[in-house]
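Novice: Sequence and predicted structure are below.
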Amino acid sequence: MRTLQLPKLNAQSFAILAAALGLLLTSVASAADTDLPQAKALLAAGQAAEAKALFEQVLAAEPDSIDAHLGLGRAYFELGQYAEAQLVFETVLHLEGLPPDLLTRVTAYNKAAQEYLEEGKRTTFFAYAETGIGGYKTNSTRATSSGDQDSTFFNARVGGGLDHRLDDGYAIDANVDYRFRYHDESGVRNDADLRWRVAGSRSLGENNLAVGFRGRNSYRGNGIFRNDYFLFTSYDMRLNELNQLSFGGQIGRRRYPSGPLEDRTRSTADANIGWTRVLNDRATFSATGHLGRHFNTDRPDGKSTFWGVTVDLDLVIRENLSWYSFAWYESDRYNTDRLHFHPDEIDQVILRRDDNLFEVGTQFIWQFGEGWTFRPEVLYIRDESNAFNFNYSSTEYWLNVRKAF
């Protein structure tokens, strides 16, 4: 039986192969160096389709190129492929605090990318102010009656953030978001809410890893305050131009420093996994599942394990009109037997509290000027529990005007 004999390579042969490989790598790098400025020039000249093809060639040779990712996202944006643009932008940029709708988010991303590519700005900023009028209405449940607490309110929201580019794909981003709600009727609580976030991130080709801190400091009315502090991490994977996976987790503490809700102070650890699918150039669908545990608490119902799912549907109807809707569900299962009672019954019942929580919301976004949007929104909330007092439902609506800077 004959065996295949491979030629023996001497030192001279190795040198020739090494030189050829080096020449090949140099050729690929040189092509990328040539294609990138040409792609930017084509994009600036309004030839987005040609620029898109060149940016994709650069990324094939240099997967970690920040300029190519941002340029590709801008090319998608100019072509009206907003859904694909968002997935590309999010491999590099983190602009937290933006509304969830596709058109608002991708417009802010495109502005940041343009400032970086055309003006060389390593630090990009965004800011917004929003105000409007809304209504709050309780619905009938086992524990509430329709109309128990109906109210008109005025709300305001201001905030902003920044993204600072470092070398080698690293970045630092931060944002702050303040919300206030004032009810004209007596006996209804006025809420104030300050949310903040600071994180560091690293782009890894089509992926992005972020680690940071987030917090929320709230006034809940009647002298009650609540403070949340969390350490979090997230990892986004752009599988292709139509699909993105995301993974995340956090651990932290929710604290009521004083007052009647002080025993609800607790620690929380949870993890999530999500999938975003581009349905067409101007529509996305996403689904996210989460699982976690509340612990280290003095709540009468004890610790709890929770899990849930969120689904979102986002659609750009035309250049100045879009629509966003979501549905959220969570199941909370507590671990402590507790004496509960129904106010209309004599017999007292020992049970473990089980809650099923639902939220459904929808909004339209109409852009009527540079940076100006009108946002009608409706939110339905329902809490179902085997513990009588924790049944609740409300319907809320807003008519808000927002200005982005």
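Specialist: Arrived safely.

Novice: Please give the element, helix or strand, for the closest residue to Gly169 other than its chain neighbours.
Specialist: Counting by CB to CB, 6 or more residues apart in numbering, Gly169 lies nearest to Ser203, which is 3.9 Å off, once chain neighbours are set aside. Using the backbone N, CA and C atoms, a C-beta is placed for each residue, glycine as well. Assigned by DSSP states H and E, Ser203 belongs to strand 191-204.

Novice: Glu118 too?
Specialist: Here Glu118 is assigned to helix 102-119, by DSSP H and E.

Novice: how far is that helix from where the chain is centred?
Specialist: 17 Å (CA atoms, centre = their mean, to the nearest Å).

Novice: continuing past that helix, what's the next helix or strand?
Specialist: Tracing the chain past helix 102-119, the next element assigned as helix or strand by DSSP H and E is strand 123-138.

Novice: mind listing what's buried in the helix or strand that comes right after that following strand?
Specialist: Using DSSP H and E, the helix or strand that follows strand 123-138 in sequence is strand 151-165. Of all the residues in strand 151-165, those buried under the rule 16 or more other CB atoms under 10 Å are Ser151, Phe153, Asn155, Arg157, Gly159, Gly160, Gly161, Asp163, Arg165.

Novice: mind putting these in CSV, pLDDT and distance to Phe77 included?
Specialist: Output for those, formatted as CSV (pLDDT from 0 to 100; distance: CB to CB, whole Å):
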residue, pLDDT, distance to Phe77
Ser151, 86, 41
Phe153, 91, 36
Asn155, 94, 31
Arg157, 96, 26
Gly159, 95, 23
Gly160, 94, 21
Gly161, 94, 20
Asp163, 94, 17
Arg165, 92, 19
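
Novice: Tell me where the stretch 251-400 of the chain has strands.
Specialist: 266-280, 283-295, 304-318, 321-341, 348-369, 372-385, 392-404 (DSSP state E, counting those that start in this stretch).

Novice: what residues are up against the residue nearest to Gly169?
Specialist: By CB atoms under 8 Å, 6 or more residues apart in numbering, the contact list for Ser203 reads Asp64, Ile66, His69, Thr91, Val92, Gly169, Ala171.

Novice: so which of these is the most crowded?
Specialist: Within the contacts of Ser203, most neighbours by other CB atoms under 10 Å means His69, with 27 neighbours.

Novice: part of a strand, is it?
Specialist: No - going by DSSP: H, G, I helix; E, B strand; the rest coil, the assignment for His69 is helix, not a strand.

Novice: pLDDT score for it?
Specialist: Per-residue pLDDT puts His69 at 95.

Novice: Tell me how many other residues crowd the closest residue to Gly249 other than its chain neighbours.
Specialist: Among residues not flanking Gly249 along the chain, Ala271 sits closest, at 4.2 Å (CB to CB, 6+ apart). Ala271 has 14 neighbouring residues, counting by other CB under 10 Å.

Novice: Per-residue pLDDT of the closest residue to Glu330 other than its chain neighbours, please?
Specialist: Using CB to CB, 6+ apart and skipping residues adjacent in sequence, the residue nearest Glu330 is Gly308, 3.4 Å away. On the pLDDT scale, Gly308 is placed at 98.

Novice: Any idea how many residues pack against Gly308?
Specialist: For Gly308, using other CB under 10 Å, the count is 19.

Novice: Who are the contact partners of it?
Specialist: Contacts of Gly308 by CB under 8 Å, 6+ apart are Gly289, His290, Trp328, Tyr329, Glu330, Ser331, Leu357.

Novice: And those residues, which of them are buried?
Specialist: Of the contacts of Gly308, these count as buried by 16+ other CB under 10 Å: His290, Trp328, Glu330, Leu357.

Novice: so can I have JSON lines of these showing pLDDT?
Specialist: Output for the buried ones among the contacts of Gly308, formatted as JSON lines (pLDDT from 0 to 100):
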{"residue": "His290", "pLDDT": "98"}
{"residue": "Trp328", "pLDDT": "98"}
{"residue": "Glu330", "pLDDT": "98"}
{"residue": "Leu357", "pLDDT": "98"}
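
Novice: circling back to that earlier point, nearest to Val211, of the strands of the stretch 251-400 of the chain?
Specialist: Proximity to Val211 (CB to CB) singles out strand 266-280 among the strands of the stretch 251-400 of the chain, at 14.4 Å.

Novice: and that closest one, what does it pack onto?
Specialist: helix 82-89, strand 243-255, strand 283-295 (3 or more CB pairs under 8 Å, 6 or more residues apart in numbering; DSSP states H and E).

Novice: hang on, the earlier thing: can you tell me which of the contacts of Gly308 is closest to Leu321?
Specialist: The closest of the contacts of Gly308 to Leu321 turns out to be Trp328 (CB to CB; 24.5 Å).

Novice: in the stretch 151-300 of the chain, which segments are predicted with low confidence?
Specialist: 186-188 (pLDDT under 70).

Novice: one more time with 90, if that's ok
Specialist: For the stretch 151-300 of the chain, the stretches flagged by pLDDT under 90 are 151, 182-191, 220-224, 258-261, 300.

Novice: What pLDDT does the model give Asp150?
Specialist: pLDDT, read off for Asp150, is 84.

Novice: for it, what are its contacts?
Specialist: Gly135, Tyr136, Lys137, Thr138.

Novice: With distance to Asp35, pLDDT and neighbour count as added columns, please give those residues in a markdown table.
Specialist: Formatted as a markdown table, the contacts of Asp150 follow (distance: CB to CB, whole Å; pLDDT from 0 to 100; neighbours: other CB atoms under 10 Å):
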| residue | distance to Asp35 | pLDDT | neighbour count |
| --- | --- | --- | --- |
| Gly135 | 55 | 92 | 14 |
| Tyr136 | 56 | 88 | 18 |
| Lys137 | 58 | 91 | 15 |
| Thr138 | 61 | 90 | 18 |
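
Novice: Just give me the closest of these to Arg179.
Specialist: Nearest member of the contacts of Asp150 to Arg179, counting by CB to CB, is Tyr136, at 14.7 Å.
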